[in-house]
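K.L.:
Sequence first, predicted coordinates after that:
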Amino acid sequence: MKKIAQIALLLLATLPMVKAQESPKEEDFYKIITPPIPEGIILEVGGLITLPNGSLGISTRRGEVWIVDNPTSRTPYFRKFATGLHEILGLAYKDGFLYCAQRGELTKLIDKNGDGKADIYETVHAWALSGHYHEYSFGPKVAPDGSFFVSGNVAFGDEEWWRGESRVPGRGWIFRITPDGKYEPYATGVRSPAGISMIKGELWYTDNQGDWMGTGGIFPVKKGGFMGHPAGLKWAELPNSPVKLTEKQFFAERDNRQERDANNRAIKPENTRNETPQFLYQLKEKYDMVQLPAVWLPYGVHGVSTAELIMDETNGDFGPFTGQVFVGDQGQSNIMRVVLEKVKGEYQGA
């Protein structure tokens, strides 16, 4: 037995060492590449767009537009295309020109002399502002007919800092700017509509959680639609409004919870014990213009500060996700996949 054991040990010693096979990691398939940014440039990116020649257009919160040539190489070239604008949170490219949604206007950037810098900053349309810090504007997104869609954040109360307000028309709305620069209110009920998107020629948006929005949602947008936040209903009875739900009708169905203490100071509403919840779908049963989301993103897991929707149209070059939609979340620093389908004219998804 001793001799057999010695032979077995000798055989084992002569066998090549075999390492345990490691499971593939995410970065083996999807790598994050950070382009080297030249010293002295502070981007604070608000919008990205890939140009027809492969260059990358970048808009910044600081009001600049940069063009990055060869963006995926080890030595990308950064050049400042425009400056002095106000908090650009989106870029669009149409007919050879860049367009941006500043805080208070849709602007066309024109490089007239061909030197790689914008010489003309043309106002396509300017909209109202109250001056509140939270009145961000997102977009533009180009529709199939050549018009532009922009979404407008609500402001917040001075005393009731938690309550979204629409202090001027367009806040809490998604609106359309025609190719000749005319303004058209399109839909309301949005709170912080950072993810305005165009998917296969259809308008979508994602909202951020907060008052009246329990978590992030992915909504198809129809003209005249109402997505659940009441601030924009302040302007629903204007002559050019396509929305037929009024503030009075909404608050007849929903408690506004404007609570005050003994000194008549506003108190932030708290959840009530044993309260019967009221859901958006119940409101739609009475008012057809209420637009339900195709997907709710679970709060704290996904849906905190949801961003633009991007469909995988690479036909397999980005993995087995063709036709699926990607959505980022700033609050969670992640990217999620969403599968959408239309059933009897309505979208649903997971």
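P.N.:
Here it is on my side, so go on. Residues are numbered from 1 along each chain as shown.
K.L.:
Sticking with residue 108, tell me its helix or strand.
P.N.:
strand 105-110 (DSSP states H and E).
K.L.:
so after that strand, what's the next helix or strand?
P.N.:
strand 120-126.
K.L.:
Okay, buried residues for the strand holding residue 108 please.
P.N.:
Within strand 105-110, the residues scored as buried using 16 or more other CB atoms under 10 Å are 105-109. For every residue, glycine as well, the C-beta is placed using N, CA and C.
K.L.:
for the residues you listed, which one is nearest residue 56?
P.N.:
Proximity of these to residue 56 (CB to CB) peaks at residue 109, which lies at 15.3 Å.
K.L.:
gap between the closest one and residue 191?
P.N.:
29 Å (CB to CB, to the nearest Å).
K.L.:
same question, residue 54
P.N.:
With CB to CB as the criterion, residue 54 and residue 191 are 36 Å apart.
K.L.:
Can you pick out the residue with more neighbours from the two?
P.N.:
Higher neighbour count among residue 54 and residue 191: residue 191, with 23 against 10, using other CB atoms under 10 Å.
K.L.:
close enough to count as contact, residue 247 and residue 230?
P.N.:
Yes - using CB atoms under 8 Å, residue 247 makes contact with residue 230 at a distance of 6.5 Å.
K.L.:
More neighbours: which of the two?
P.N.:
The neighbour count for residue 247 versus residue 230, taken as other CB under 10 Å, is higher for residue 230 (22 against 16).
K.L.:
so what's that one closest to, chain neighbours aside?
P.N.:
Counting by CB to CB, 6 or more residues apart in numbering, residue 230 lies nearest to residue 250, which is 5.0 Å off, once chain neighbours are set aside.
K.L.:
can you check residue 69 too?
P.N.:
Once flanking residues are discounted, residue 69 sits nearest to residue 77: 4.4 Å by CB to CB, 6+ apart.
K.L.:
same question, residue 318
P.N.:
Residue 318's closest residue in space is residue 312 (CB to CB, 6+ apart), at 5.5 Å.
K.L.:
coming back round to it: of the buried residues of strand 105-110, which is the nearest to residue 285?
P.N.:
Looking across the buried residues of strand 105-110 and measuring by CB to CB, the closest to residue 285 is residue 106, at 36.8 Å.
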